[in-house]
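A.B. asks: sequence and predicted structure below; questions after.
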Amino acid sequence: MSGAQSSGTELAAHDVLIIGSGAAGLTAALVLAEKCRVLVLAKGGLDGGSTNWAQGGIAAVLDAGDTFEDHVRDTMVAGAGLNRRETVEFVIEHAPAAIARLIELGVPFNAEAGSLHLTREGGHSHRRIVHVDDATGAAVQKALLKAAREHPNVTLLPGRTCIDLITGRHEALRYSGSGRVWGVYALDEATGRVEAHTARATILATGGAGRVYQFSTAPRGATGDGIAMAWRAGARVSNMEMMQFHPTCLYNLDVKNFLITEAVRGEGGRLINPRTGKRFMEFYDPERLELAPRDVVARAIDSEIKRFGLDFVHLDISHMPSDFVKGHFPNIYEKLIGLGIDMTTQPIPVVPAQHYTCGGVLIDLDGRTDLPGLYAAGECT
Ligand SMILES: Cc1cc2nc3c(=O)[nH]c(=O)nc-3n(C[C@H](O)[C@H](O)[C@H](O)COP(=O)(O)OP(=O)(O)OC[C@H]3O[C@@H](n4cnc5c(N)ncnc54)[C@H](O)[C@@H]3O)c2cc1C
């Protein structure tokens, strides 16, 4: 069955099985489909991952005044020097080509005077974030899904919750190591039946584990399933203590996980202590202020909240012209208006919340895990 969503239960053998239909899973599917038959399984709907929710945009060196060296340096600083330089360089040097591919697939990144519009985010010394208004991820997800649906070598099966990897346990016993991975057992959410899907190679692209926290900006399905499956099968998992907290999640007791993109600070938004009415980042990072890396800003907000016994701090961009704010952040503006906050005239109450799982399945630069036949990509790595 080609390029369509299968609702049947036929378990045709595929060359490659991909678990997850976010940016990582679908990008891998489209590249591999040029050479082999690919099956993509997803828990719930095909757009249920974090990719669809991403707001601010994607960082890449695209401006004439910017350089790979600067982007690498900014990233090493933001990672407090704990990053593996080789990986940072690999990702940064491949980013412009990845953006070009997304443009080819039809992602309508904002442009200004004939060039891509680049916004700014914390930790970046240059403007280097391409975006589609303030809903970049939805545009990326839509374009990737369209291309995957149209590709004759890609089969998409939503509604499959993958449970455990199929491993060659006899091989593990024989070689006293971990066995090869041959596919996955998946629950068909409609029928309640467990299916076995086999393939020569299996790629985990299951996203992060943010929803193990009470307050997270991630969607409900971000429960670290792929990381757990890899671990149970015998692959190494690393740095799971490295959780990124986004500084500015909307504080609202009914809407617990709405992110206010960092680009609001990038375009001039200020953090204010609602008790004193004053900006406070100058006490924590006098040079970079609101555009310090996320961990610095998140800790500063947490400190203000604790020191002053607050529930939240304010993010204020109301000093910028109303049309500028509405033009740059149309979706956030609409969402907040629905909640009774006009961000063109009022500050937004915000708190830090879990946002990105930095650790995950250990891979090399080709996406290989410890187990033969098992690869991983995206936020689960
Ligand atoms: C609110 C928000 C805003 C963000 N904004 C930005 C931004 O502006 N810029 C940026 O670079 N990053 C941003 N991020 C981070 C970025 O969106 C993610 O890191 C990235 O999209 C992850 O892509 P992925 O393909 O690895 O995983 P996801 O897009 O999360 O996809 C995971 C897939 O795996 C599937 N899955 C999970 N478990 C199973 C299972 N057991 N069985 C079958 N399928 C399963 C899911 O259904 C989904 O299809 C944001 C994240 C959030 C939450």
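C.D. replies: Nice, I can see it. Numbers count the residues shown, from 1 in each chain.

A.B. asks: so which residues of the stretch 101-250 of the chain form strands?
C.D. replies: 111-112, 115-116, 118-119, 129-130, 154-157, 160-167, 181-188, 194-204, 237-238, 243-250 (DSSP state E, counting those that start in this stretch).

A.B. asks: what parts of the stretch 201-350 of the chain come near the ligand?
C.D. replies: Within the stretch 201-350 of the chain, the positions near the ligand by CB under 6 Å from any ligand atom are 205, 206, 207, 217, 218, 221, 222, 225, 226, 259. Placement of C-beta: from N, CA and C, glycine included.

A.B. asks: if you set the cut-off to 8 Å instead, what comes out?
C.D. replies: Contacts of the stretch 201-350 of the chain with the ligand, taken as CB under 8 Å from any ligand atom, map to 205-208, 210, 216-219, 221-223, 225-226, 229, 246, 257, 259, 261-263.

A.B. asks: domain-wise, how is the chain divided?
C.D. replies: The chain is divided into the following domains under automatic domain parsing: 14-50+147-241+358-380, 58-130, 243-356.

A.B. asks: most tightly packed of those?
C.D. replies: Burial of the domains of the chain is given as mean neighbour count (mean count of other CB atoms under 10 Å); domain 14-50+147-241+358-380 ranks first at a mean of 20.

A.B. asks: how far out from the middle of the chain is that domain?
C.D. replies: Computed by CA atoms, centre = their mean, to the nearest Å, the separation of domain 14-50+147-241+358-380 from the middle of its chain amounts to 15 Å.

A.B. asks: distance between the ends of it?
C.D. replies: 23 Å (CA to CA, to the nearest Å).

A.B. asks: do stretch 17-26 as well
C.D. replies: 11 Å.

A.B. asks: equivalent analysis for stretch 104-114, please.
C.D. replies: End-to-end distance (CA to CA), stretch 104-114: 16 Å.

A.B. asks: distance of residue 37 from the ligand?
C.D. replies: Distance of residue 37 to the ligand, computed by CB to the nearest ligand atom, to the nearest Å: 19 Å.

A.B. asks: surely that residue touches residue 18?
C.D. replies: No: counting by CB atoms under 8 Å, residue 37 stays clear of residue 18, with 11.5 Å between them.

A.B. asks: C-alpha coordinates for stretch 268-282, CSV please?
C.D. replies: Only the C-alpha atoms of stretch 268-282 are listed here, as CSV (Å, rounded to 0.1, in the frame of the first residue of the first chain):
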residue,chain,number,x,y,z
GLY,A,268,12.1,43.1,22.6
GLY,A,269,9.9,41.4,25.4
ARG,A,270,11.1,42.2,28.9
LEU,A,271,10.8,40.2,32.1
ILE,A,272,9.3,42.1,35.0
ASN,A,273,8.8,41.3,38.7
PRO,A,274,5.1,42.0,39.2
ARG,A,275,5.7,42.9,42.9
THR,A,276,8.4,45.5,42.2
GLY,A,277,7.4,46.5,38.7
LYS,A,278,11.0,46.3,37.6
ARG,A,279,13.1,44.3,35.1
PHE,A,280,15.2,41.7,37.0
MET,A,281,17.5,40.0,34.4
GLU,A,282,20.1,42.7,35.0
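
A.B. asks: average pLDDT across that stretch?
C.D. replies: Mean pLDDT, stretch 268-282: 97.

A.B. asks: how far out from the middle of the chain is that stretch?
C.D. replies: With CA atoms, centre = their mean, you get 28 Å for stretch 268-282.

A.B. asks: same question, stretch 66-85
C.D. replies: 19 Å.

A.B. asks: does any bit of that stretch sit next to the ligand?
C.D. replies: No: Stretch 66-85 lies apart from the ligand when judged by CB under 8 Å from any ligand atom; the minimum separation is 12.4 Å.

A.B. asks: quick one: the residue nearest to residue 138 when sequence neighbours are not counted and the ligand, what's the gap?
C.D. replies: Leaving aside its sequence neighbours, residue 138 sits nearest to residue 52 (CB to CB, 6 or more residues apart in numbering; 5.5 Å). Remark: distance between residue 52 and the ligand (CB to the nearest ligand atom) = 7 Å.

A.B. asks: residue 243 now?
C.D. replies: From residue 243 to the ligand the distance is 13 Å (CB to the nearest ligand atom).

A.B. asks: same question for residue 240.
C.D. replies: 15 Å.

A.B. asks: phi first, then psi, for that residue.
C.D. replies: When quoted as degrees, to the nearest 10, the phi and psi of residue 240 stand at phi -70, psi -10.

A.B. asks: that one against residue 380, yeah?
C.D. replies: No: counting by CB under 8 Å, residue 240 does not reach residue 380; the two are 11.2 Å apart.

A.B. asks: what touches both of the two?
C.D. replies: Common contacts of residue 240 and residue 380, defined by CB atoms under 8 Å, 6 or more residues apart in numbering, comprise 227, 357, 360.

A.B. asks: helix or strand for the nearest residue to residue 377 once chain neighbours are set aside, which one?
C.D. replies: Here the nearest residue to residue 377 in space, its sequence neighbours aside, is residue 24; by CB to CB, 6+ apart that works out to 4.2 Å. Taking DSSP states H and E as the definition, residue 24 sits inside helix 23-32.

A.B. asks: go on, residue 74?
C.D. replies: helix 68-78.

A.B. asks: output that helix as CSV, restricted to C-alpha atoms.
C.D. replies: What follows is helix 68-78, C-alpha atoms only, in CSV (Å, rounded to 0.1, in the frame of the first residue of the first chain):
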residue,chain,number,x,y,z
PHE,A,68,29.4,28.5,11.5
GLU,A,69,32.1,29.4,14.0
ASP,A,70,29.8,31.9,15.8
HIS,A,71,26.9,29.5,15.9
VAL,A,72,29.2,26.7,17.2
ARG,A,73,30.6,29.1,19.9
ASP,A,74,27.1,30.2,21.0
THR,A,75,26.0,26.6,21.2
MET,A,76,29.0,25.5,23.2
VAL,A,77,28.4,28.5,25.6
ALA,A,78,24.7,27.7,25.9
